[in-house]
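In: got a structure for you, letters missing:
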Ligand code: PLP
Ligand code: COI
């Protein structure tokens, strides 16, 4: 039995017991394999490494108040992975296979599923990549689908604590008609150095603008953006933003709470008009934003604008309400009226 301090979990890669693996070759998926070696044998020429033919998903599983186990909206992740795979030109697992392998990963790593009451969950990381050795820039019908997991607490080190963000004047995330709306591994590669620079300057997050005109808000490096204006939940409509399942859920939660929901282009100027702003995603859940600076991250002192939310980084009432509602449903404390919790039998 693993001895884990459930209350101090962050968000990290973790060596659990089992990775669940399937291999698509010669027109069909292999049997599902439970791998305890925690290693892959790969060809040095594989497309996944050279050309980033790789995509992934992230979803959470919760030990609920009544003792049952629930994955959160896994069918949405299955559909998003199928869309990413189609973009890359590689085979994707069916929805049934995706959900079955995620459930198998949970069941075969149960000792790493945080008990109820610790604000922690099990993060599932389904990964799909192209193992075929190839120099040509064309798709090849082979893929490895692997589901791994990690016990997870808070992404930024504390739950519902506000974080500072920077709009990096010298980096973009995604091109119009490019890869931004797909959950491709490659999308994250360009964020590592700007994140490092931003962290060194005291910012937890990067807020990217649309790269074509830099006049509209796109999303954070790790999550979607939302702003609160009166009783309205506003979130960007953009074809270079990842369609976040948490954001979709929050839009439904906000409507349930009697709020208006607007999904539309969000001009940069509008950042000055929100009473609260936040990031939302599986890993970050809801992260309220204390302020957003605009500056080049390669040049330290040059802040050109600042947008502030709440006095002294205080977490606003709407972020708090949304956070309590979504986590309440996930932990089985509130009724799951939309049928979002996919139960797993032990
Ligand atoms: N945007 C980006 C760039 C992300 O990496 C994520 C994380 O998955 C999200 C948004 C949020 O998506 P979801 O809520 O489906 O996790
Ligand atoms: C997730 O929230 O699932 C993600 O993949 C975001 C990543 C930056 C950890």
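Out: Yes, it's here. This is a predicted model, so every value here is computed, not measured. Ligands and ions are numbered 1, 2, ... in the order given.
In: got phi/psi on the residue of the stretch 51-200 of the chain found nearest ligand 2?
Out: As assessed by CB to the nearest ligand atom, ligand 2 sits closest to residue 58 within the stretch 51-200 of the chain, at 2.1 Å. (Glycine included, C-beta is placed from N, CA and C.) Backbone torsions for residue 58, taken as degrees, to the nearest 10, come to phi -150, psi 130.
In: residue contacts, it?
Out: Residue 58 makes contacts with 77, 123, 124, 125, 281, 282, 283, as judged by CB atoms under 8 Å, 6 or more residues apart in numbering.
In: those in helices, which ones?
Out: Residues from the contacts of residue 58 lying in helices, with DSSP state H as the criterion: residue 77.
In: using the three-state scheme, assign residue 82.
Out: helix (DSSP: H, G, I helix; E, B strand; the rest coil).
In: ok, back up a step: would you mind measuring from the residue of the stretch 51-200 of the chain closest to ligand 2 to residue 74?
Out: Going from residue 58 to residue 74 by CB to CB, to the nearest Å gives 11 Å.
In: so where does residue 14 fall, helix or strand?
Out: Residue 14 belongs to no helix or strand when elements are defined using DSSP states H and E.
In: nearest spatial neighbour of it, skipping sequence neighbours?
Out: residue 150 (3.6 Å; CB to CB, 6 or more residues apart in numbering).
In: now that neighbour, what are its backbone angles?
Out: Dihedral pair for residue 150: phi -150, psi 140, per degrees, to the nearest 10.
In: show me what contacts it?
Out: 11, 12, 13, 14, 16, 112, 122, 123, 125 are the contacts of residue 150 under CB under 8 Å, 6+ apart.
In: recalculate using a threshold of 10 Å.
Out: Residue 150 makes contacts with 9-16, 109, 112, 122-125, as judged by CB atoms under 10 Å, 6 or more residues apart in numbering.
In: residue 287 too?
Out: Residue 287 neighbours (CB under 10 Å, 6+ apart): 154-156, 158-163, 165, 204-205, 220, 222-223, 277-281, 315, 319, 323.
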